[in-house]
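Asks: Provided below for reference: sequence and predicted model.
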Amino acid sequence: MTLTLLRAKLHRIHVTEACLDYMGSLTVDQDLMDAAGLYEHEKILCADVENGNRFETYVIAGRRGSGVCCLNGAAAHMGKVGDHLIVMSFGQFTPEEARAHQPRIVFIDEAFNRATTR
């Protein structure tokens, strides 16, 4: 048996762009992806704090230090610039692994979309 647990989370990243004419995905600053341990093309679940929309897509790397968080393609219909997202990735763990697992949670600075410490 395996259990599905939260593996990584970007908490309250704000949307900086929305690009409808794109094949799809969420573009995120590579520095934030690294901080959370997200891999390019990894499946993610996004929750929009302002409107309650939840959607699955995949993450692609944006320019380092840019603070970018861009809704691309169909995902651009799920939120708007200025909205806050919770971006989550999940993993499969054995019960033994689950007991020791701690997700990697990155809190986001409101002003610049940078990782902060809490």
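Replies: Received it, and whenever you're ready, just let me know what you need.

Asks: for Thr4, which three-state class applies?
Replies: strand (DSSP: H, G, I helix; E, B strand; the rest coil).

Asks: show me where the chain has its helices.
Replies: 30-36, 95-100 (DSSP state H).

Asks: okay, these, which one's buried deepest?
Replies: Mean neighbour counts were taken over these using mean count of other CB atoms under 10 Å, and the top value, a mean of 20, falls to helix 30-36. (Each C-beta comes from the backbone N, C-alpha and C, glycine too.)

Asks: elements contacting that helix?
Replies: With contacts taken as 3 or more CB pairs under 8 Å, 6 or more residues apart in numbering; DSSP states H and E, helix 30-36 sits against strand 3-14, strand 54-62, strand 104-108, strand 115-116.

Asks: I'd like those as a markdown table, with mean neighbour count and mean pLDDT appended.
Replies: Formatted as a markdown table, the helices and strands packed on helix 30-36 follow (neighbours: other CB atoms under 10 Å; pLDDT from 0 to 100):
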| stretch | mean neighbour count | mean pLDDT |
| --- | --- | --- |
| strand 3-14 | 19 | 98 |
| strand 54-62 | 17 | 97 |
| strand 104-108 | 18 | 97 |
| strand 115-116 | 14 | 89 |
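
Asks: figure out which of these is closest to Val81.
Replies: strand 3-14 (8.4 Å; CB to CB).

Asks: let me have the helices and strands packed on helix 30-36 in CSV, extended by distance to Thr94.
Replies: Output for the helices and strands packed on helix 30-36, formatted as CSV (distance: least, CB to CB, whole Å):
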stretch, distance to Thr94
strand 3-14, 8
strand 54-62, 24
strand 104-108, 19
strand 115-116, 30
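
Asks: to Thr27, which of those strands lies closest?
Replies: Using CB to CB and comparing the helices and strands packed on helix 30-36, the one that lies nearest Thr27 is strand 54-62, at 4.4 Å.
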